[in-house]
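**Student:** sequence and predicted structure are below.
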Amino acid sequence: MPKNYIEYSFSVLPSDPWEEILLAELQSLPFESFENSEGLLKAYVPEDLYYDTFLDTIDLLNHDEVTITFEKKIIEPVNWNSKWESEFHPILIGNDCVVRADFHDKQDKKFELVINPKMSFGTGHHQTTFMMLSFALDEDFIGKRVLDMGCGTGVLAILASLKGAKRTDAIDNDPWCIENTAENIQTNNCNNVSVSLAELISVPESTYDIIFANINRNILLDQIPSYYTALKPKGFLFLSGFFEADVSNLNESCQNEGLSLVNKKQKDSWRALKFIK
């Protein structure tokens, strides 16, 4: 059964620099995604991870130099689906890749990803997905084994498959995402992509040439050791779902495991990193 989410809509005045500071503080909580919409910072947390004192640890809410107000509401999957269908437009990544839904006209690009997102995260519209797709477009996937961790819609797994990956594993802890990824895989005729419902990587040894993990800072910090174990020597790890303030901690954690930073992307307040084992 798809899970409900709670949407927080924060108004931050003045927005600079306080909105980015609030974003950084909210990362300490189990929010799964954020977006800026109509002058509001919106944050989404699964309903089963919400509790009564959810925002009590966010000190900025009581800061004298900024005024922060918020509203919250439950977002049911059917309502979220309707929102996506009404707002989802094709997005171009580079010159050769487009992400569109099946109700859009063909765009005649080399890589045309047909993604019907439903409740799942990952269409390329969010800055983090856009950066990860940009990283993927520059990679050689021919004959490679790939992991898309926290796959959402499966868009990264699908692009890897279309670019010649030998096999791609797509993993998410949300049954709705797994169902959506499976549908999108079939739509894009990617027969070498497997989908699994899981919280963690289960492989005990070096398995993957490339790992994508577009999740959030807390989960990434917790799972980086497992990514290192699962990655082959000279393999690449791509991380996103965080801000500039998080880069230092993530880089330090990766370095402690033996991973070296080789590239970095930024889009608005969001960042993406590429590491090599």
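**Tutor:** Alright, I've got the coordinates. Residues are numbered from 1 along each chain as shown.
**Student:** every contact and neighbour count from this point should use C-alpha atoms.
**Tutor:** Noted.
**Student:** next secondary structure after whichever strand or helix holds Leu159?
**Tutor:** Element membership of Leu159 [criterion: DSSP states H and E] is helix 155-162. Using DSSP H and E, the helix or strand that follows helix 155-162 in sequence is strand 167-172.
**Student:** the helix holding Leu159: which residues count as buried?
**Tutor:** 155-162 (16 or more other C-alpha atoms under 10 Å).
**Student:** check which helices and strands that helix sits against.
**Tutor:** On a contact count with 3 or more C-alpha pairs under 8 Å, 6 or more residues apart in numbering; DSSP states H and E, helix 155-162 meets strand 111-114, helix 127-137, strand 145-149, strand 167-172, strand 193-197.
**Student:** now the residue most central in space within the chain. Nearest residue, chain neighbours left out?
**Tutor:** Nearest residue to the geometric centre of the chain (C-alpha atoms, centre = their mean): Asn214, 3.5 Å. Excluding its sequence neighbours, the residue lying closest to Asn214 (C-alpha to C-alpha, 6 or more residues apart in numbering) is Ser240, at 4.6 Å.
**Student:** alpha carbons of stretch 242-258, as CSV, please.
**Tutor:** Output in CSV follows, covering the C-alpha atoms of stretch 242-258 (Å, rounded to 0.1, in the frame of the first residue of the first chain):
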residue,chain,number,x,y,z
PHE,A,242,22.3,17.4,0.1
PHE,A,243,23.7,21.0,0.3
GLU,A,244,27.1,22.7,0.3
ALA,A,245,27.1,22.7,4.1
ASP,A,246,27.0,18.8,4.0
VAL,A,247,29.8,18.3,1.5
SER,A,248,32.7,18.4,4.0
ASN,A,249,31.1,15.7,6.3
LEU,A,250,30.3,13.5,3.3
ASN,A,251,33.7,13.9,1.8
GLU,A,252,35.4,13.1,5.1
SER,A,253,33.2,10.0,5.5
CYS,A,254,34.1,8.8,2.0
GLN,A,255,37.8,9.5,2.5
ASN,A,256,37.8,7.5,5.8
GLU,A,257,36.5,4.5,3.8
GLY,A,258,39.1,4.9,1.0
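**Student:** and the residue lying farthest from the centre of the chain, its phi and psi?
**Tutor:** In terms of distance from the mean C-alpha position of the chain, Asp64 ranks first, at 33.3 Å (C-alpha atoms, centre = their mean). The phi and psi values for Asp64, taken as degrees, to the nearest 10, are phi -70, psi -20.
**Student:** just for the stretch 101-250 of the chain, where's the confidence low?
**Tutor:** 117-124 (pLDDT under 70).
**Student:** thinking again about what came up before, measure the residue nearest to the centre of the chain to Ile58 for me?
**Tutor:** Distance, Asn214 to Ile58, using C-alpha to C-alpha, to the nearest Å: 24 Å.
**Student:** residues near Asn191, how many?
**Tutor:** Other residues lying near Asn191 total 12 when counted by other C-alpha atoms under 10 Å.
**Student:** let me see the contact set for it.
**Tutor:** Ile185 (C-alpha atoms under 8 Å, 6 or more residues apart in numbering).
**Student:** cutoff 10 Å now
**Tutor:** Taking C-alpha atoms under 10 Å, 6 or more residues apart in numbering, we find Asn191 in contact with 158, 161, 167-168, 185.
**Student:** and it, how far from Cys97?
**Tutor:** From Asn191 to Cys97 the distance is 20 Å (C-alpha to C-alpha).
**Student:** repeat for Trp18
**Tutor:** 35 Å.
**Student:** repeat for Ser196
**Tutor:** For Ser196 relative to Cys97 (C-alpha to C-alpha), the value is 26 Å.
**Student:** ok, Lys274 touching Leu250?
**Tutor:** No. Lys274 lies out of contact with Leu250 (C-alpha atoms under 10 Å); the separation is 11.2 Å.
**Student:** between these two, what contacts are shared?
**Tutor:** Contacts common to Lys274 and Leu250, judged by C-alpha under 10 Å, 6+ apart, are Leu239.
**Student:** if we can go back for a sec, the residue nearest to Asn214 should be in a strand, yeah?
**Tutor:** Yes. Counting by DSSP: H, G, I helix; E, B strand; the rest coil, Ser240 is part of a strand.
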